[in-house]
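Participant: Give the three-dimensional model of this entry:
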Amino acid sequence: MRDEVTDARRQLPWHKVEADYQFGGPDGDVTLAELFGDKSQLVIYHFMYGPGWEEGCKSCSFWADQYDSISTHIAARDLALAVVSRAPWQEFQSFKERMAWQFTWVSSAESTFNMYYHVSHPEGGEGEYNYHTTGVMEEMPGLSIFAKDDDGAIFHIFSCYSRGLDALNATYQVLDLVPKGRDEQDLGFSMGWVRFDDEYES
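Facilitator: Just a heads-up that it's a prediction; the model follows:
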């Protein structure tokens, strides 16, 4: 069934990205095209880190702990990965260093990128998320897939949210195989057990 869903996803129509998105980072501004590097496919994880925050989201960090370990392998398959947050990059740089992450992490603070892909809702309340109107927080997690054709045009393939992000989390994939599973049913919320990887008790 998973293979059938994967095949159906590949049949989705491509939508040309017309906006000239710019992202800020420690090496200067980069465009969406530059985030591809020399690859024709790009995965962007929308990491919950809003302006003025002192730490990133624990759940997004739970996901992000996987990214450095897969970077070499996905690069061999014509795929780049980048992480985008709405906070200015200067605000999350020290957190990235604390977590010892090496992946590309840039800021969309100067563009409408996060709002367009429905992961930032500065006013909170109700908004479009996961393909319906629902209660939203200032920042929400998401995953967006892009491709570049031979002429350099960029296309948005699809975005997913909520449980659609599970495929990028190796820990959950392993927990789903064992008798206790995720074992979250008695917690206040599903990821209530998750900590930054330097805060777990031994």
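Participant: From now on I want contacts and neighbour counts done on CA atoms only, so please keep to that.
Facilitator: OK.
Participant: what are the ranges of the strands in this protein?
Facilitator: Chain-ordered strands for the chain, with DSSP state E as the definition, fall at 15-16, 22-23, 30-31, 41-46, 79-85, 104-107, 125-129, 132-136, 142-148, 154-160.
Participant: what packs against the fifth one?
Facilitator: Under the contact definition 3 or more Cα pairs under 8 Å, 6 or more residues apart in numbering; DSSP states H and E, strand 79-85 sits against helix 32-35, strand 41-46, helix 67-75, strand 104-107.
Participant: Those: which one's closest to residue 61?
Facilitator: helix 67-75 (10.1 Å; Cα to Cα).
Participant: before we move on, back to that, could you dump the helices and strands packed on strand 79-85 into TSV and include distance to residue 143 and mean pLDDT?
Facilitator: Formatted as TSV, the helices and strands packed on strand 79-85 follow (distance: least, Cα to Cα, whole Å; pLDDT from 0 to 100):
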stretch	distance to residue 143	mean pLDDT
helix 32-35	15	98
strand 41-46	5	98
helix 67-75	13	96
strand 104-107	14	98
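Participant: Compile the strands of the chain into TSV and extend it with columns for distance to residue 3.
Facilitator: Converted to TSV, the strands of the chain look like this (distance: least, Cα to Cα, whole Å):
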stretch	distance to residue 3
strand 15-16	23
strand 22-23	34
strand 30-31	33
strand 41-46	19
strand 79-85	20
strand 104-107	29
strand 125-129	26
strand 132-136	26
strand 142-148	18
strand 154-160	17
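Participant: Would you convert those into CSV that also reports mean neighbour count and distance to residue 185?
Facilitator: Conversion of these to CSV gives the following (neighbours: other Cα atoms under 10 Å; distance: least, Cα to Cα, whole Å):
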stretch, mean neighbour count, distance to residue 185
strand 15-16, 14, 39
strand 22-23, 22, 39
strand 30-31, 14, 42
strand 41-46, 22, 26
strand 79-85, 22, 30
strand 104-107, 24, 33
strand 125-129, 16, 24
strand 132-136, 12, 22
strand 142-148, 21, 23
strand 154-160, 18, 24
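Participant: of these, which approaches residue 8 most closely?
Facilitator: strand 154-160 (12.0 Å).
Participant: Off-centre distance for that closest one?
Facilitator: 13 Å (Cα atoms, centre = their mean, to the nearest Å).
Participant: Mean confidence (pLDDT) on it, please.
Facilitator: Mean per-residue pLDDT for strand 154-160: 97.
Participant: That one versus strand 125-129: what angle between them?
Facilitator: With axes from the mean of the first three to the mean of the last three Cα atoms, to 10 degrees defining the directions, strand 154-160 sits at 120 degrees from strand 125-129.
Participant: Use 50 as the first number from now on
Facilitator: Got it, the first residue is 50 from now on, which makes the last one we talked about strand 203-209.
Participant: which other residues reach strand 203-209?
Facilitator: 61-66, 82, 166, 179, 191-197 (Cα atoms under 8 Å, 6 or more residues apart in numbering).
Participant: now do 7 Å
Facilitator: 61-66, 179, 191-197 (Cα atoms under 7 Å, 6 or more residues apart in numbering).
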